[in-house]
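> just to be clear, the model below is a prediction. Sequence and coordinates:
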2 protein chains.
Amino acid sequence: MDPLRRRSGASAASSTTMTITRMTTLVVKMLPMLWVPHRAAASGEAQDEALEELATEKEAEESHRQDSVNLLTFILLLTLTILTIWLFKHRRVRFLHETGLAMIYGLLVGVVLRYGIPATSYHSRSPPSCSLTTGPGSSLLLNVSGKFFEYTLKGEIDSGDINNVEQNDMLRKVTFDPEVFFNILLPPIIFHAGYSLKKKHFFRNLGSILTYAFLGTAISCFVIGNLMYGVVKLMQVVGQLNNKFYYTDCLFFGAIISATDPVTVLAIFNELHADGDLYALLFGESVMNDAVAIVLSSSIVAYQPRGANTHMFDASAFFKSVGVFLGIFSGSFMMGAATGVVTALVTKFTKLHCFPLLETALFFLMSWSTFLLAEACGFTGVVAVLFCGITQAHYTYNNLSEESTKRTKQLFEVLHFLAENFIFSYMGLALFTFQNHVFSPVFITGAFIAIFIGRAFNIYPLSFLLNLGRRHKIKGNFQHMMMFAGLRGAMAFALAIRDTATYARQMIFTTTLLIVFFTVWVFGGGTTPMLSWLHIRAKGRRERRRRHGQWEYIRVGVEPDQDPQPSADTFQVLQGDVSQAEGPSKTKQESAWLFRMWYTFDHNYLKPILTHSGPPLTSTLPGYCGPLASCLTSPKAYQNHEQPRDPDCDLGRNDGDLTFTFGDNGITTNGVSGGGGSGADGGANGKRSVSTSEEALERELDSREQELLTRGTRLVFPIEDHI
Amino acid sequence: MDPLRRRSGASAASSTTMTITRMTTLVVKMLPMLWVPHRAAASGEAQDEALEELATEKEAEESHRQDSVNLLTFILLLTLTILTIWLFKHRRVRFLHETGLAMIYGLLVGVVLRYGIPATSYHSRSPPSCSLTTGPGSSLLLNVSGKFFEYTLKGEIDSGDINNVEQNDMLRKVTFDPEVFFNILLPPIIFHAGYSLKKKHFFRNLGSILTYAFLGTAISCFVIGNLMYGVVKLMQVVGQLNNKFYYTDCLFFGAIISATDPVTVLAIFNELHADGDLYALLFGESVMNDAVAIVLSSSIVAYQPRGANTHMFDASAFFKSVGVFLGIFSGSFMMGAATGVVTALVTKFTKLHCFPLLETALFFLMSWSTFLLAEACGFTGVVAVLFCGITQAHYTYNNLSEESTKRTKQLFEVLHFLAENFIFSYMGLALFTFQNHVFSPVFITGAFIAIFIGRAFNIYPLSFLLNLGRRHKIKGNFQHMMMFAGLRGAMAFALAIRDTATYARQMIFTTTLLIVFFTVWVFGGGTTPMLSWLHIRAKGRRERRRRHGQWEYIRVGVEPDQDPQPSADTFQVLQGDVSQAEGPSKTKQESAWLFRMWYTFDHNYLKPILTHSGPPLTSTLPGYCGPLASCLTSPKAYQNHEQPRDPDCDLGRNDGDLTFTFGDNGITTNGVSGGGGSGADGGANGKRSVSTSEEALERELDSREQELLTRGTRLVFPIEDHI
């Protein structure tokens, strides 16, 4: 039934497997290697003891070399991936993204490791006389014939596996600590996502994004969980499943598989410059639902019904879980936002921007500390890092020097790129080297059907509801594209690998892995045809991009400072565009009201306090706050206030601007900052910056119409990307 | 005698100590935490078992939080350092460098950890019934009442410390795996040093630098080793030392303390734009002698006389050690150079430069793989990384896109900065938290005297010998400055902490730590007065630098692409300047001959093969190599050949050029690339590029004299840096 599960002698000893933890294990392993010979030289008592130590030293050295070779293999794998990606990009091949490629290479190496490498002899030494000095805890002292060795706890071993430990040692190494994903690889990926969220389209669609991310993920989780529970019940009836598989396991599966990761789709969107709003919806949803899925899955784990282990519904336990969810989520959010705000204040009130290196280092450390702070407080570090990234992008970014903005972006871009490709190639590898795969065709088929149904229950009903309120409707083709872009990726994998102790969890892990493979390859590869088929066409932005600099249009990854589509260019696809432009000012729904509230508060108070931009606080705060206001206001703010465009200060920051859409558009009439520049940042010509957002909205309405008229002629000739 | 050695209850339990290894330990520790509850939920058998597991979970969670707090403390420490550095830089305070500051903060935290934090209760649990499944190896399986736990070997414990293990657990955590320094923190520092070695002054002074680094370090090592052996003998006579202290220990101390690290001095040089040749001598020596010291110290460890443990001289063992030294050094060198060359070829023959992100990632991975490759082959990774850095800077850098050159520089600059400051603050911390300090006033005093004598025996005799051959003499004040700049830093510390198992090594560690503190604070702080006192004055380059971009003159760290002093400006200090300009062409010593040989080979063959620059191979290779030559030659090379300055291709790369001095000067006559531009890179106007270096030297001689004449008027007004 599960042919991959058999543990052949050949596969068990695949010795060139490697992990990033090798690096750290290597550190641990080198210790005895370095210690022992020196001790021998120093104490120098018995000759045989020295010989024995020499043998240990040799062994440790051998193991160290082996580790280096393992890690090296992996680096070469990544190098190969990079070179092939280049070839693909060079030839404009779009059916396979770098992540898909990394998985394929991982698979190949996995096959080689499993079947290609002959068994190495593993000498099982007989236990010498020894005694334990302390009990089992996180560390252990072992007294072997007078010498003391210290051991640290690695983990509990399944008693079923106990006989295979020696044998499977090498293969087990590959399935390395899942926490590496959470603590080392995911934070840079998630931070980068937050940091590159700096798109006005994101803020314009904030309500919809949050709806999809929170409500949608919850719906998806419960739909999938319940469907899978049905599948599991069915399997138990027909005798396909003999092990335990609880309802909570099904819900857990629903939670982890609800984290979408349309990295492939977004890369193609970016390349083809497809619709900006759709991009924002997909990107925003995927980023936010990662956070939701993490917290949701840990809430489900925390859902422990009282009394017996029925794993069935228990109201108090359910509400406790909901409480846990809300608590962890809001706590992590606060934590992330708080460090972002602190960083913004520090960069604002020091002249650190004179020293880009210091600034970058500080930025890096502060962002990292968010993760640790959240973990220290019992919140979720990854979620905190996401919101930290968003806050940093929204406030701190404006205070950084021009060079630091580039440095930080590029630093996190590289980290993100490496981490992401590492995870994806590890996924490919895991299919062959992970030892406890449980391939259940019925469960897998059920899961594939369930995720489509779950996604459909997420997208279509919510889109319908959102369209009731939205002036700028989410069109049918957009909904289909969102449905299609429900790829699963790094987060689902990381959550699945986190716990593979029970049979149910192993089955979940295997299924998740296959779903990731399938969606990344099939849906990722089918993005370009799907976009054509749905008539979501690329727009004529190439000429515009060219101005920014050479090669920009083929750059990899998500560009933080370019919005993929200026709003006016979406004209053709979004038929309700004129009304959309009037949207925020005319609709009287709560989201618009909330949005306006937030905008006013952010523009008048938060931005001036935390950054050098925005109107001076002296003009927005009431009179009695005078001294405080003038103390908090940056001297630059007055400058901006008086002269809307200071060539020295602002020129370099244009692309880094974080203004909200309609504040931005309000400026467009002046013809100064056409393409999303530092309009609202500079507070806008003279008196206008003191105005409230309502006034700005009114003006924006007028200006928007003007703009559409003037741009109309250009828009009728969309330059098709020559695919 | 050693008040810091006593282990009070308060100090022993300082629980907020932290290390970077916590991050990795954290990963290991979280495993049981995440595994256990899920297992309980899945298997769900006995209630008490679940409770017990819940307790374990709580404990693991607590420990995880503690780890996060620890690491957080450290990050905040670094943040504080950065902010203070900013303040110092802002106020132009030069007596304390960031590394010195990091040490002070580390010291303060160390004091707090040791004396400020009350003892936390450490419950020592009684060992439950358990049995070992396998013998002691790198991993261990423990069977505790039916459950299996896996432990990994952490290291051997000194039997003297056995009773203190529980008690000192927290403080021992701080003295984290020394291999973290070698495998994680040092590589970026060393790579950055190699990568920023791209200075023509370095290549001009290559012979002297290598002499100081190899001969000088060996002299220093043996002088210090022998002096310390005398001190040790003296101590044994007067009864100050009862433990074993062998001759090899003394030599080992000599080796590790010979690694200079004038980071503070160089930072001030950079800031004041002091003499370029002196900068190159100091920087080059410090970089190279780090490599020499690593290999030397491991050769000394490998020096094991046959038969008894006499630790005295044994000719065969000595030559074996010399062989080990040469083998490891050349092997590491080859390894580093080889990966550099491979990277250069890959970046040349692919059009990867269209995708800066891919290029940067590839560059990073290839450079890292050098380290692993060397370790896998049994060589020294750090040394390989150094030469890899130099090769990358010399060849690969020229093939990178403009954006990638910036990205790679900045990436490694940030990594270098963080790693360096981490090491220095850890040093401060270690003074109070390391538990096995052996403070021996006699040994320390002896060591201080010995390092001065050792440094003097290195600098003065070698300078005298070098001056016999050099046209451009190393003046007396330069020699004094080099003597003064013999600071000890990260490398000495890392080598010393690598092994602190024996009494002798503990004494060495403590002494090294104190020497680092003293030299960094006193010599580092005294650099500016010393420069004035020795009449080594800053030159008028500020106006020139301003052109490059704002703030550049106050940037932190070593700038790879700026040579601190153009050669013509050194005129005033170096009285033999005119003869120096003629130097390479007129002196007939071997070094010049070797240099010329190498230059010809590099310029005519290596550069054209590995980069886009240099003359086309079709013109330098013999006719019968025609097809191969045209295959290897980059199309750009022909362009460069025909039109010396292609504004599209070369403009952005000017500052990244790696030409040798006199090839560069040969172009200066044309008045095209005055300040060290892409002269030799472009192959120089028309036919000249095909010429041999001899011809170039002749021309250079003429042009140099012209240049000196024309520049003479400007040079009489050196603009003093307004300190």
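The structure has been received and is ready for your questions.
> touching, A:F214 and A:A291? I think so.
No: contact criterion CB atoms under 8 Å: A:F214 and A:A291 do not qualify, at 9.7 Å. The C-beta positions use only the backbone N, C-alpha and C, and glycine is treated the same way.
> of these two, which one has the most company?
A:A291 (28 against 16; other CB atoms under 10 Å in any protein chain shown).
> in this structure the more buried one contacts A:L386, no?
Yes: judged on CB under 8 Å, A:A291 makes contact with A:L386 at a distance of 5.4 Å.
> show me the shaky parts of the stretch 401-550 of chain A.
Applying pLDDT under 70 to the stretch 401-550 of chain A flags residues A:537-550.
> residue numbers of the stretch 301-450 of chain A in contact with chain B?
Residues of the stretch 301-450 of chain A lying near chain B by CB under 8 Å from any CB of the partner chain: A:301, A:304, A:309, A:311, A:346, A:350-352, A:354-358, A:360-362, A:364-366, A:368-369, A:372-373, A:375-378, A:406-407, A:410-411, A:413-414, A:417-418.
> pLDDT of the helix ranked longest in chain A, averaged?
Ranked by residue count and defined by DSSP state H, the top helix of chain A is helix A:47-90. Here helix A:47-90 scores 73 as its mean pLDDT.
> what is it packed up against?
In terms of contacts (3 or more CB pairs under 8 Å, 6 or more residues apart in numbering or on different chains; DSSP states H and E), helix A:47-90 is packed against helix A:21-43, helix A:98-111, helix A:402-433, helix B:356-376.
> shaky segments in the stretch 151-300 of chain A?
A:151-177, A:198-199.
> my read: A:T396 touches A:G340, true?
Yes: here A:T396 reaches A:G340: they are 6.4 Å apart, a contact under CB under 8 Å.
> what about those two, which has more around it?
When neighbours are counted by other CB under 10 Å, A:T396 and A:G340 differ, and A:T396 comes out ahead with 31 against 26.
> next, the contact list for that one, please.
A:T396 sits next to A:G340, A:T343, A:A344, A:T347, A:F363, A:L610, A:T611 when contact means CB atoms under 8 Å, 6 or more residues apart in numbering or on different chains.
> mutual contacts of A:A291 and A:L386, please.
By CB under 8 Å, 6+ apart, the residues touching both A:A291 and A:L386 are A:I190.
> tell me how many other residues surround A:A376.
Around A:A376 there are 21 residues (other CB under 10 Å).
> am I right that it is in contact with B:T73?
No: the pair A:A376 / B:T73 is not scored as a contact, 9.9 Å apart, by CB under 8 Å.
> and stretch A:226-244, which residues are buried?
A:N226, A:L227, A:M228, A:Y229, A:V231, A:V232, A:M235, A:L241, A:K244 (16 or more other CB atoms under 10 Å in any protein chain shown).
> among the residues you listed, which two are most distant?
A:L227 and A:K244 (19.0 Å; CB to CB).
> how close does A:L400 get to chain B?
A:L400 sits at a distance of 13 Å from chain B (criterion: CB to the nearest CB, to the nearest Å).
> and the gap between that residue and A:T84?
A:L400 is 35 Å from A:T84, where distance means CB to CB, to the nearest Å.
> of those two, which one has the most company?
Using other CB under 10 Å as the criterion, A:L400 and A:T84 rank with A:L400 on top: 27 against 17.
> so what's the residue count around A:A361?
27.
> that one and B:E420 touch, don't they?
No: applying CB under 8 Å as the test, A:A361 and B:E420 come out as separate, 10.5 Å apart.
> most tightly surrounded among the helices and strands packed on helix A:47-90?
helix B:356-376 (a mean of 25; mean count of other CB atoms under 10 Å in any protein chain shown).
> tell me the angle that helix makes with helix A:47-90.
Taking axes from the mean of the first three to the mean of the last three CA atoms, to 10 degrees, one finds helix B:356-376 and helix A:47-90 inclined to each other by 160 degrees.
> separation between A:A501 and chain B?
5 Å.
> what secondary structure does that residue sit in?
coil (DSSP: H, G, I helix; E, B strand; the rest coil).
> before we move on, the earlier item: which of the contacts of A:T396 are buried?
A:G340, A:T343, A:A344, A:T347, A:F363, A:L610, A:T611.
> where's the fourth one, which helix or strand?
The reference is to A:T347. helix A:315-349 (DSSP states H and E).
> quick one: list the elements packing against that helix.
helix A:276-302, helix A:356-376, helix A:381-391, helix A:397-399, helix A:607-610.
> and the residue of the stretch 501-650 of chain A that's closest to chain B?
A:T502 (3.7 Å; CB to the nearest CB).
> and for the closest residue to A:T510 other than its chain neighbours, the neighbour number?
Take A:T510 and drop its neighbours on the chain: the residue closest to it by CB to CB, 6 or more residues apart in numbering or on different chains is A:H437, 4.7 Å away. By other CB under 10 Å, 21 other residues sit near A:H437.
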